[in-house]
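# Here is a sequence together with a model predicted from it:
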Amino acid sequence: MMNDITRFFMTTASNKIMEIVVICIVMDTIFGVLRAIKEKKFNSNFGINGAIRKVGMLISLVLLALVDSIIRLNLIGFIPEGARTYLPGQTVGTMEFFALLYIAYEVVSILKNMSLCGLPVKKVWHTVKKALSKYTNELPTDSTN
């Protein structure tokens, strides 16, 4: 039994898409901390709300990996054709599907924090923000135009 649990966690932790989520969370946290230092105040990435969101993402992915180990769904049909070539495999379980959404969310947050830290990505951030604002009102708030 313990061997099965260990194998499950090792398999989940070594999933390439899960690894990218973890990298994105670390990057967003680092740039959130740098932004907090620059602004001399806490922000949504460096505080309890950001921590809860990030831990919640990781917990949900582990639980979805458990679902995937019970029910083998392939959700690759929900991924655009052009994006499929960048995926590490031919199947997308529920964990990978939500992980891809979390990666997109974190990349937007990383760009916002990089821009607010003064890195030369302001034009990219504004372009992404403008494009996404057509489809959602769930964008992170910032002090840039």
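Happy to help now that I have it.
# Could you use CA atoms for every contact and neighbour count after this?
Fine.
# Could you check the pLDDT of V121?
Listed pLDDT for V121 reads 91.
# I figured it hits N113, correct?
No - counting by Cα atoms under 8 Å, V121 sits too far from N113 to count as a contact (9.8 Å).
# Neighbour count: those two, which is higher?
Neighbour tally, V121 and N113, criterion other Cα atoms under 10 Å: the higher count belongs to N113, 29 against 16.
# isn't the more buried one right next to I30, touching?
No - counting by Cα under 8 Å, N113 sits too far from I30 to count as a contact (9.2 Å).
# Low-confidence ranges, this structure, go.
1-2, 42-47, 135, 137-145 (pLDDT under 70).
# Helices of that one, residue ranges please.
For the chain, helices defined by DSSP state H occupy the ranges 2-13, 16-39, 48-70, 81-84, 94-116, 122-133.
# Just the C-alphas of the last one, formatted as PDB.
What follows is helix 122-133 as a C-alpha-only set of coordinates in PDB (Å, rounded to 0.1, in the frame of the first residue of the first chain):
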ATOM      1  CA  LYS A 122       5.200  46.500 -20.300                       C
ATOM      2  CA  LYS A 123       4.100  46.400 -23.900                       C
ATOM      3  CA  VAL A 124       3.700  42.600 -23.800                       C
ATOM      4  CA  TRP A 125       1.700  42.900 -20.600                       C
ATOM      5  CA  HIS A 126      -0.600  45.500 -22.100                       C
ATOM      6  CA  THR A 127      -1.100  43.400 -25.300                       C
ATOM      7  CA  VAL A 128      -2.000  40.300 -23.300                       C
ATOM      8  CA  LYS A 129      -4.200  42.300 -21.000                       C
ATOM      9  CA  LYS A 130      -6.100  43.900 -23.900                       C
ATOM     10  CA  ALA A 131      -6.500  40.500 -25.700                       C
ATOM     11  CA  LEU A 132      -7.800  38.800 -22.600                       C
ATOM     12  CA  SER A 133     -10.100  41.600 -21.600                       C
END
